[in-house]
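Engineer: Quick one: sequence and predicted model below, then my questions.
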Amino acid sequence: MPVLTEPPSMGDVLKYEVNPNYTRETVTLLMGMPYPAGAVLGRITASGKYTLSAATGADGAQTAVAVLLYPVNATLADAVGIVVTRGPAIVSRAALAYEATVNDAARITAKLGQLASAGIIARDGV
């Protein structure tokens with residue numbers, strides 16, 4: 001019997017939000033990659049588009065400001081995604097997906113702190 005696996009869904013990522021009309025936004029994701037649900041995103045200051053939040057940078061996207069709720073394929077063109085941009089909201093720490101340079105505990109902790117500044121709290125075991 002084959003084993004079926006399902007990618008993370010919105011329910012795996014978002015565990016609590018005070019009001020979807022307040023906490024969520026529709027944003028434009030920068031083309032060039034498929035974005036998984038739970039992607040930790042930063043906003044590029046010049047264009048206003050969102051992309052994976054890198055550990056360092058100077059374009060504004062190095063600061064984590066949102067979490068993507070549904071997977072989006074932006075491989076060939078900019079795409080629209082639904083994100084949590086403000087809290088109070090709780091996300092599952094295990095369901096978050098980071099940019100490749102966010103690759104150690106200190107950098108992950110920094111991203112979680114940036115999200116907490118926006119009222120988005122990551123919790124274990126939720």
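Structural biologist: Arrived safely. On a predicted model such as this, the values are computed, not experimentally measured, just so you know.

Engineer: Quick check: phi and psi on residue 91?
Structural biologist: When read as degrees, to the nearest 10, the backbone of residue 91 gives phi -120, psi 160.

Engineer: Now do the contacts for it.
Structural biologist: By Cβ atoms under 8 Å, 6 or more residues apart in numbering, residue 91 lies in contact with 13-15, 38, 67, 84, 115, 120-123. (Glycine included, C-beta is placed from N, CA and C.)

Engineer: Looking at these, which are in strands?
Structural biologist: The strands, defined by DSSP state E, take in 14-15, 67, 84, 120-123 from the contacts of residue 91.

Engineer: In those residues, find the pair that's most separated.
Structural biologist: Distance extremes for these: the farthest pair is 84 and 123 at 13.7 Å, using Cβ to Cβ.

Engineer: Let's verify residue 113: helix, strand, or coil?
Structural biologist: helix (DSSP: H, G, I helix; E, B strand; the rest coil).

Engineer: What's the local residue count around it?
Structural biologist: Residue neighbour count, defined by other Cβ atoms under 10 Å, stands at 11 for residue 113.

Engineer: How much space separates it from residue 6?
Structural biologist: Applying Cβ to Cβ, to the nearest Å, the value for residue 113 to residue 6 is 30 Å.

Engineer: Also residue 71?
Structural biologist: With distances taken as Cβ to Cβ, residue 71 is found 11 Å from residue 6.

Engineer: low-scoring stretches of this protein, by residue?
Structural biologist: Within the chain, the segments meeting pLDDT under 70 span 126.

Engineer: ok, back up a step: residue 84 and residue 123: which has the busier surroundings?
Structural biologist: Higher neighbour count among residue 84 and residue 123: residue 84, with 26 against 12, using other Cβ under 10 Å.

Engineer: Quick one: residues contacting the more buried one.
Structural biologist: Applying Cβ under 8 Å, 6+ apart, the residues near residue 84 are 14, 17, 23-24, 66-67, 69, 91, 120.

Engineer: Who is it paired with across the strands?
Structural biologist: Note on residue 84: beta-bridge partners residue 24, residue 67, judged by DSSP bridges.

Engineer: What are the boundaries of the strands in the chain?
Structural biologist: So, for the chain - with DSSP E - the strands run 14-17, 24-29, 33-35, 40-43, 50-52, 64-68, 72-74, 79-84, 89-92, 120-123.
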